[in-house]
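K.L.:
Predicted model and sequence below, questions to follow.
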Amino acid sequence: MGSMSAIQQEKDRLKEILSRQDYKAYDEQPERAGSRIGELLSQWVRDLLETFFPGAEITGSTVDGVLYFFGAIGLGILVFLAFRLFSKLSGEKQAHRNRPFLPGEEGPLSLESHWKQADDRAAQQQWTAAARQVFLGLLLHLDDQGFVDVQSWKTNGDYEKELRAHTGADDVEAFRRLALMYDQMTYGERLLNESGYYSFRSDASRYVERGREGEAG
């Protein structure tokens, strides 16, 4: 019985605390603060409207309508900015994933050195890795020719656009096919077998030889 009596006493004390005026006032403070801010904002809008439209009758519904209107505009701006930020971050992430290589990352920077590495990889039957070396060598060849400007932050799509200013449509299309294959191997986990590698290398070699014949002509 003593235990039950003690529990009841604690309950009575809690009720007494919750019923005190000072506790109720503390509990109501956030609500009062929000109401006060709303009143100040409404008064500011009312004063602003009366300044610009001195002869107009400004009612509470007019003030509320203005507040809702500008609130909707503010919300729309926030959504737009969030979308732009998300798009920018997604674009930067995709551009980083699609970069062909970082200078120095794949070894000496020249067509010959990359194709030498391709031969070494092919000798070990690493066909996909060998094909990647072939494409990187091709990129550097195009850079030497002044057709593209190789940078670590650029994508193959950027190089295709640069090529359009210097080469014909056939060459651009040939590069696009090679670049697509490279992207599939590097980012899409596409694997090449022996015949696939030699077909890829043959296409790249013809591309380089065609460019050299054009220079000679």
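P.N.:
Great, that's in hand. All of these numbers come straight from a predicted model, not from anything done at the bench. Numbering: from 1, shown residues only.
K.L.:
From Q184, how far out is A122?
P.N.:
As defined by CB to CB, to the nearest Å, A122 lies at a distance of 19 Å from Q184. C-beta: built from backbone N, CA, C; applies to glycine.
K.L.:
Would you confirm that V172 contacts A165?
P.N.:
No. Counting by CB atoms under 8 Å, no contact exists between V172 and A165, whose distance comes to 9.9 Å.
K.L.:
Comparing these two, which shows the higher neighbour count?
P.N.:
When V172 is set against A165 and neighbours are counted by other CB atoms under 10 Å, the residue ahead is V172, at 17 against 9.
K.L.:
where along the chain do the strands fall?
P.N.:
Here the chain has no strands by DSSP state E.
K.L.:
where in it is pLDDT low?
P.N.:
Within the chain, the stretches with pLDDT under 70 are 1-7, 9-35, 38, 48-49, 52, 55-56, 63, 67, 87-108, 211-217.
K.L.:
And the chain, what are its domain boundaries?
P.N.:
The record's domain split for the chain, according to automatic domain parsing, is 2-97, 111-216.
K.L.:
Please report the distance of the closest residue to Y182 other than its chain neighbours from D203.
P.N.:
Nearest non-adjacent residue to Y182, counting by CB to CB, 6 or more residues apart in numbering: F135, 4.3 Å away. Taking CB to CB as the measure, F135 and D203 are separated by 10 Å.
K.L.:
Between these two, which has more neighbouring residues?
P.N.:
Neighbours of F135 and D203, each counted by other CB under 10 Å, are more numerous for F135; the result is 25 against 16.
K.L.:
Would you agree that one is in contact with L180?
P.N.:
No. Using CB under 8 Å, F135 and L180 do not qualify as a contacting pair, with a distance of 10.5 Å.
K.L.:
which residues in the chain form helices?
P.N.:
With DSSP state H as the criterion, the chain has helices at 2-19, 21-52, 60-97, 111-123, 127-144, 156-164, 169-186, 194-216.
K.L.:
tally of neighbours for F53?
P.N.:
11.
K.L.:
Contacts only, for A122.
P.N.:
Applying CB atoms under 8 Å, 6 or more residues apart in numbering, one finds that A122 lies in contact with A130, Y197.
K.L.:
how near is it to V208?
P.N.:
Distance check for A122 against V208: by CB to CB, it reads 17 Å.
K.L.:
same thing with D171?
P.N.:
Taken as CB to CB, the span from D171 to V208 is 11 Å.
K.L.:
before we move on, the earlier item: tell me the residues that contact both of F135 and D203, please.
P.N.:
Taking CB under 8 Å, 6+ apart as the contact criterion, the residues that touch both F135 and D203 are L178.
K.L.:
quick one on the thing from earlier: go through the domains of the chain and pick out the most buried.
P.N.:
domain 111-216 (a mean of 17; mean count of other CB atoms under 10 Å).
K.L.:
what's near enough to touch the nearest residue to M185 once chain neighbours are set aside?
P.N.:
If the residues on either side of it in the chain are set aside, M185 comes closest to T128, at 5.2 Å by CB to CB, 6+ apart. Residues in contact with T128 (CB under 8 Å, 6+ apart) are M185, R190, L191, L192, Y197.
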